[in-house]
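**Student:** Fold the stuff below for me.
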Amino acid sequence: MLKQRIITAAVLIPLVLALILLPPTGFFASLVAVAFAGAAWEWALLAGYRTPVGRGIVTAAAVVIFAVLLLVRTHGLLAALTFAGVAWWVGCCFWLRHFTFAAAPSSENRMLKLGAGLLVIVPALAAATDMHASDRGHWWVLLALVIVWAADTGAYFSGRFFGRRKLAPRISPGKTWAGVYGALVAGALVAWVGGLLLGVESGARLIGLVILGVVTVAVAVVGDLFESLMKRHATVKDSGNLFPGHGGLLDRLDSVFAALPVFAAGKLLLGL
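**Tutor:** Numbers count the residues shown, from 1 in each chain. From the prediction side, this is the model:
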């Protein structure tokens, strides 16, 4: 499994780097919207829509929302959606504490989970678009993703070698507190190095960026746990099988969906 993950990552990382660093914001946002539409298709399954027709309707509705968002694309709207995403992930912690909430496969719970999907995906698209359009925005988006990638790697190795105490055994039995600590350290280090490379010279701002990196990783863990909870509700192992060794789009983007609004909001607050 580790070998498959490494091969898949080796293929995907250069492609992702090119898609972030080379195109203008409009084209970048459109590509992100296409990927997020695929995630909406997978989310429909987790929400309880198991037929292709039902999932297709959900995906088509998501595409319409994405299109409207990208056509309007004002800084005010994007920032408002970004901060709405931050609020969602804070509130999501209460759902994780009451993990049986909305577990029953009822029509009301399906609609509730569709609404949750909107709050997961739309703010992430808004945050990525708004951040990409800012000064040196291509690099800030890349930094946000590298923080998540580094945290994922730090969590994997620290959890593997030091993991004893489970983080949330009823939601995701494989995650440990040692993995979380490794992720936080890795995210802080990447934020510090990235800040220096991006010319964050003020000591206070650099410290703020490091703290933001830690908070971003913490919320990314929440995003990972929430997708695991939705998979448990839907009784599926992976959201899809698009990437060998990695699962589906949601399995790769769950942390990113949570991290992007938090990192973008923090960047705005820090004046970076």
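
**Student:** quick one, what contacts Leu70?
**Tutor:** By C-beta atoms under 8 Å, 6 or more residues apart in numbering, the contact list for Leu70 reads Gly26, Ala29, Ser30, Ala33, Thr129. Just so you know, the C-beta spots here come from the backbone N, C-alpha and C atoms, and that holds for glycine as well.

**Student:** And it, how far from Pro105?
**Tutor:** Noted for Leu70: a distance of 33 Å to Pro105, by C-beta to C-beta, to the nearest Å.

**Student:** Could you pull out the helices in the protein for me?
**Tutor:** 2-21, 25-47, 52-72, 75-97, 107-132, 137-162, 177-197, 203-234, 249-270 (DSSP state H).

**Student:** now these as JSON lines including distance to Ile171 and mean pLDDT?
**Tutor:** Listed next are the helices of the chain as JSON lines, based on distance: least, C-beta to C-beta, whole Å; pLDDT from 0 to 100:
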{"stretch": "helix 2-21", "distance to Ile171": "21", "mean pLDDT": "77"}
{"stretch": "helix 25-47", "distance to Ile171": "14", "mean pLDDT": "94"}
{"stretch": "helix 52-72", "distance to Ile171": "24", "mean pLDDT": "95"}
{"stretch": "helix 75-97", "distance to Ile171": "7", "mean pLDDT": "95"}
{"stretch": "helix 107-132", "distance to Ile171": "15", "mean pLDDT": "95"}
{"stretch": "helix 137-162", "distance to Ile171": "15", "mean pLDDT": "92"}
{"stretch": "helix 177-197", "distance to Ile171": "13", "mean pLDDT": "95"}
{"stretch": "helix 203-234", "distance to Ile171": "5", "mean pLDDT": "94"}
{"stretch": "helix 249-270", "distance to Ile171": "12", "mean pLDDT": "93"}
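
**Student:** Just say which of those helices is most tucked in.
**Tutor:** helix 249-270 (a mean of 25; mean count of other C-beta atoms under 10 Å).

**Student:** Now do it and helix 75-97, the angle between them.
**Tutor:** 120 degrees (axes from the mean of the first three to the mean of the last three C-alpha atoms, to 10 degrees).

**Student:** And helix 249-270, what does it pack against?
**Tutor:** With contacts taken as 3 or more C-beta pairs under 8 Å, 6 or more residues apart in numbering; DSSP states H and E, helix 249-270 sits against helix 25-47, helix 75-97, helix 107-132, helix 137-162, helix 203-234.
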